[in-house]
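[1] build me a model:
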Amino acid sequence: MTGGLRRPRWPPETLLSPEVRPDRTVTFRLRAPKASEVSVTGEWMLDYPSNKTSLTKDSEGVWSVTVGPLVPNIYLYSFTVDGMSIADPINPAIKLRARTSARPRTSRRGTKPCSTIRRPPMNA
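    Numbering: from 1, shown residues only. I've put the predicted structure just below:
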């Protein structure tokens, strides 16, 4: 090593999470190669936050699950990794509260993971 530069342990993050598809299904991904159990819980679930959906681990240590289709909205969600609740570390639209959560933004038109659909005004 020269010049005091250190090589990063992991390559820059290339995962997309959440990924909102045109059919309004949402795929959640989390890189956790040493984890033995990962689940996601979110406001779209009937008995949120007690209900959880398990993710499946691939050969690269990436856990994923696809849910929905979901009604366009902004949903709070969090991952549970080996019993510990965490926010989605690669979602740029994080909103923290008493329980760490992140929010996927579902869109009626686009496939962008963070496109916003706002609720219509109450008086409209």
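[2] where exactly do the strands run in the protein?
    Per DSSP state E, the chain has strands spanning 19-20, 26-31, 38-42, 53-54, 56-57, 62-67, 77-81, 84-86. These are given in chain order.
[3] pipe those into a markdown table and attach distance to Pro92 per row.
    For every residue, glycine as well, the C-beta is placed using N, CA and C. Supplementary listing: those in a markdown table, determined by distance: least, CB to CB, whole Å:
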| stretch | distance to Pro92 |
| --- | --- |
| strand 19-20 | 13 |
| strand 26-31 | 14 |
| strand 38-42 | 17 |
| strand 53-54 | 22 |
| strand 56-57 | 24 |
| strand 62-67 | 18 |
| strand 77-81 | 14 |
| strand 84-86 | 16 |
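[4] now these in CSV, with mean neighbour count?
    Below are the strands of the chain laid out as CSV (neighbours: other CB atoms under 10 Å):
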stretch, mean neighbour count
strand 19-20, 20
strand 26-31, 21
strand 38-42, 22
strand 53-54, 14
strand 56-57, 13
strand 62-67, 18
strand 77-81, 21
strand 84-86, 13
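[5] how about TSV for the ones you listed, with mean pLDDT added?
    Converted to TSV, the strands of the chain look like this (pLDDT from 0 to 100):
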stretch	mean pLDDT
strand 19-20	92
strand 26-31	94
strand 38-42	93
strand 53-54	93
strand 56-57	97
strand 62-67	95
strand 77-81	92
strand 84-86	92
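[6] ok, Glu37 - contacts?
    Contact analysis of Glu37 by CB atoms under 8 Å, 6 or more residues apart in numbering lists Ser54, Thr80, Val81, Asp82, Gly83.
[7] and those residues, which is closest to Ile74?
    Relative to Ile74, the closest of those is Thr80; by CB to CB it sits at 20.8 Å.
[8] so that closest one versus Pro69, what's the distance?
    Using CB to CB, to the nearest Å, we find Thr80 at a distance of 23 Å from Pro69.
[9] residues near the closest residue in space to Ser39 that isn't next to it in sequence, how many?
    With CB to CB, 6 or more residues apart in numbering as the criterion, Ser39 has its nearest non-adjacent residue at 3.9 Å, and that residue is Lys52. Around Lys52 sit 17 other residues, with neighbours defined as other CB atoms under 10 Å.
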